[in-house]
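>>> Give me a model of this one.
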Amino acid sequence: MIRRCDDRDFELIWTIINDGAQAYKGIIPADRCTEPYMTQEKLRHEIDEGVVFWGYEETGSLVGVMGIQRVRDVTLIRHAYVLSSSQTRGVGARLLSQLRGLTNGLVLIGTWADAVWAIRFYERNGFQIVDGREKDRLLKMYWTIPERQMETSVVLADQRWRVLSEDT
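So this is what the prediction gives:
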């Protein structure tokens, strides 16, 4: 079952993010890596900034979360994580499909450039990497991240973005 998360899920969202983020150890540049990956304060800040989390439940427990955030004229998919014990079972794909169904506008996703498995996951689900100059423009326009993180990230766009880009 997929459901919108609320304040009662805060601790579990935080746990899932930090468990799922273990896959990034050794991938994220050392100067960007923190322990825990996301603090509770950072998670609270993200929620306060408009990230709405949705969760995937199995047998009554959340095993995956994914955030959606409306920023100006696009929707961002944010903080997509699945418990390591539940990965590779389609949880992320189901969450992504649900969140994409919540918007009829353009959808963008940012992730670490060296997280090849994450990029492949998004590509399998209809997203494509945007080129370097466009990536930088999008990161500056829609995300609030440090310059160093911009250097080590990619942006993926859905098909609607591609069609719009071709028209301009």
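>>> what about the strands in the protein?
Using DSSP state E, the strands of the chain run over residues 2-4, 52-58, 61-71, 74-82, 106-112, 128-129, 153-157.
>>> chain center to the longest one: distance?
So that's strand 61-71. 8 Å (Cα atoms, centre = their mean, to the nearest Å).
>>> can you redo the strands of the chain as JSON lines with mean pLDDT and mean neighbour count?
From N, CA and C alone the C-beta is placed, and that goes for glycine too. Output for those, formatted as JSON lines (pLDDT from 0 to 100; neighbours: other Cβ atoms under 10 Å):
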{"stretch": "strand 2-4", "mean pLDDT": "98", "mean neighbour count": "13"}
{"stretch": "strand 52-58", "mean pLDDT": "97", "mean neighbour count": "19"}
{"stretch": "strand 61-71", "mean pLDDT": "97", "mean neighbour count": "21"}
{"stretch": "strand 74-82", "mean pLDDT": "97", "mean neighbour count": "23"}
{"stretch": "strand 106-112", "mean pLDDT": "96", "mean neighbour count": "20"}
{"stretch": "strand 128-129", "mean pLDDT": "97", "mean neighbour count": "16"}
{"stretch": "strand 153-157", "mean pLDDT": "97", "mean neighbour count": "22"}
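>>> For residue 10, which of these is the nearest?
strand 52-58 (9.1 Å; Cβ to Cβ).
>>> related to what we said a few turns ago, of all the strands of the chain, which lies closest to residue 17?
strand 74-82 (4.8 Å).
>>> any low-confidence regions in this protein?
166-168 (pLDDT under 70).
>>> any idea which residue sits dead centre in it?
residue 78 (3.1 Å; Cα atoms, centre = their mean).
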